[in-house]
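Q: Generate a structure from the sequence data that follows.
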Amino acid sequence: MRATHITLHIMASRARVYRALLDHRAIANWRAPTGMSCHVDIFDVREGGAYRIVLTEDDPSHPGKTPPAAHTYHGRFLTLIPGELIVQTAAFETDDPAFSGEMAITFTLSDIDGDTELVLVHENLPAGVSLTDNEVAWRVALGKLAALVESGD
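A: Residues are numbered from 1 along each chain as shown. The predicted structure follows:
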């Protein structure tokens, strides 16, 4: 199975991290990797609720999975356990079979010395997604998440 696994120590409470993972305004700030911007189009936070996010390349000459220079994906929230667990699906909006298929994204939060240990698992990555690029993009985005919640914003 093609997957990315990342564990990150965040110096903030689980409740604060959980809120930032599910707040569309916060997501617009932290979810985009370097060189991209993020627009949250739909965000219905409840089990079974849908979401749609558009990551747009700052440089329009970079190709996106959703032409011309965007990476648009949508999914549903499967499991929401406050302060502990978020499980959601994700699928790129693309006609390219190399990027097609439903993925799973799981965020698990646990206490670590008064802070939060966040474990991200992004599974079922399509064949066209570079595992290295996916990990780098998530590390950048999660670093921005950590900076956001650790700053108190």
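
Q: Enumerate the beta-bridge partners assigned to residue 121.
A: Going by DSSP bridges, residue 121 is paired in beta bridges with residue 5, residue 106.

Q: So which bits of stretch 138-153 are buried?
A: Across stretch 138-153, burial judged by 16 or more other Cβ atoms under 10 Å covers 138, 140, 141, 142, 144, 145, 146, 148, 149. In short, each C-beta sits where N, CA and C put it, glycine included.

Q: contact partners of that stretch?
A: For stretch 138-153, contacts defined as Cβ atoms under 8 Å, 6 or more residues apart in numbering pick out 4, 6, 8, 10-12, 16-17, 20-21, 26, 29-34, 118, 120, 122.

Q: what does stretch 106-123 give?
A: Residues outside stretch 106-123 that contact it (Cβ under 8 Å, 6+ apart): 1-14, 16-18, 21, 83-88, 103-105, 134, 138, 142.

Q: now swap in stretch 41-50 and tell me
A: When contacts are defined by Cβ under 8 Å, 6+ apart, stretch 41-50 is touched by residues 22, 24, 27, 51-54, 74-80.

Q: With respect to residue 96, which of those is nearest?
A: Distance to residue 96, by Cβ to Cβ, is smallest for residue 74 among the contacts of stretch 41-50, at 15.8 Å.

Q: Can you tell me the SS state at the closest one?
A: strand (DSSP: H, G, I helix; E, B strand; the rest coil).
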